[in-house]
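A.B. asks: Sequence and predicted structure are below.
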Amino acid sequence: MDDRFNTTAGWVLGAGIIALGLSSISGRYFHADKQHRPEKMGYEIAGVVSSGEGGASKEEPIEARLAKADPAKGEATFAKCKSCHTIDAGGPNGIGPNLHGVMGEGVGVGAGGFAFSDDLKKVGGKWDWATMDKWLKSPKAMAAGTKMTFAGLSDGQERANVIAYLNAQGSNLPLPAAPAAEAAEAPKEGEAAAAASGAPEAAAKK
């Protein structure tokens, strides 16, 4: 009986020592007891773009997008709008107003007797390029109480295409000039130094 007890106790003690040793080793290997959080949390997943700095490119100004806009593509996109809007001259209002000649008109002025929301009327101004671009991006963001249920177009160039199409339907405003190209980059440090060192030498030869 004593031999069996001693054998059992020996196995239990041995297993405890082994478990303690493995715990200590794993703690050291994986730094489970470290006090500082990891410098980089989590793991990167292939194909997923970070939403941090540099994750999304800055949208071009509306003038630059209009310079390369395609009214034909805008017409194709506008097909989604025909369930609510007409665009022919003299066309009736539907769920939304007739949009013939809309570019340059006052915002929410009640064209053709259409009853615009009070929130849209408060916006004021005219349907210029920037205002229409903002509206098509998110009507609710521009006028929270608008009757327009359309969510908007997130693609900037698609919005420019639609605006170019709208302009060709009775407005025909001259398109804005595209932004001037950015100034040439300043010479690099080494080039500037070389130019500066060569200036006295050139002056001495004169």
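C.D. replies: Cool, the structure landed.
A.B. asks: If we ignore the residues flanking it in sequence, what's nearest Pro92?
C.D. replies: Distance criterion CB to CB, 6 or more residues apart in numbering; nearest residue to Pro92, sequence neighbours excluded, is Thr86 at 6.1 Å. In short, each C-beta sits where N, CA and C put it, glycine included.
A.B. asks: hang on, isn't that neighbour packed against Val102?
C.D. replies: No - at 11.4 Å, Thr86 does not count as touching Val102 under the criterion of CB atoms under 8 Å.
A.B. asks: Between those two, which is the more surrounded one?
C.D. replies: Val102 (21 against 18; other CB atoms under 10 Å).
A.B. asks: My understanding was that the more buried one contacts Asp128; is that so?
C.D. replies: No - counting by CB under 8 Å, Val102 does not reach Asp128; the two are 11.1 Å apart.
A.B. asks: What residues does Asp133 make contact with?
C.D. replies: 62, 156, 159-160, 163 (CB atoms under 8 Å, 6 or more residues apart in numbering).
A.B. asks: Pull out the buried residues from these.
C.D. replies: 62, 156, 159-160, 163 (16 or more other CB atoms under 10 Å).
A.B. asks: closest to Leu136 among those?
C.D. replies: Arg159 (4.6 Å; CB to CB).
A.B. asks: Now that closest one: which helix or strand?
C.D. replies: Using DSSP states H and E, Arg159 maps to helix 156-168.
A.B. asks: and what of Ala141?
C.D. replies: helix 139-142.
A.B. asks: Just the buried residues of that helix, please?
C.D. replies: 139, 142.
A.B. asks: now for the helix holding Arg159, which elements pack on it?
C.D. replies: helix 62-67, helix 71-78, helix 129-137 (3 or more CB pairs under 8 Å, 6 or more residues apart in numbering; DSSP states H and E).
A.B. asks: buried sites along the longest one?
C.D. replies: Of the residues in helix 129-137, those with enough neighbours to count as buried (16+ other CB under 10 Å) are 129, 131-137.
A.B. asks: Next, find the distance separating Pro97 from Ala164.
C.D. replies: Applying CB to CB, to the nearest Å, the value for Pro97 to Ala164 is 20 Å.
A.B. asks: Other residues contacting whichever strand or helix holds Lys122?
C.D. replies: Using DSSP H and E, Lys122 maps to helix 118-123. Identification of contacts with helix 118-123 by CB under 8 Å, 6+ apart yields 107-109, 131, 142-146.
A.B. asks: where exactly do the strands run in this protein?
C.D. replies: Taking DSSP state E as the criterion, the chain contains no strands.
A.B. asks: Low-confidence stretches in it?
C.D. replies: Low-confidence segments of the chain (pLDDT under 70): 1-6, 9-14, 16, 19-57, 110, 181-206.
A.B. asks: could you redo the last one with a cut-off of 90?
C.D. replies: 1-58, 109-113, 178-206 (pLDDT under 90).
A.B. asks: Next one: Ala115 from Asn98, what distance?
C.D. replies: Counting by CB to CB - Ala115 and Asn98 are separated by 13 Å.
A.B. asks: For these two, indicate the residue with more neighbours.
C.D. replies: Between Ala115 and Asn98, counting by other CB under 10 Å, Asn98 is the more crowded of the two (21 against 11).
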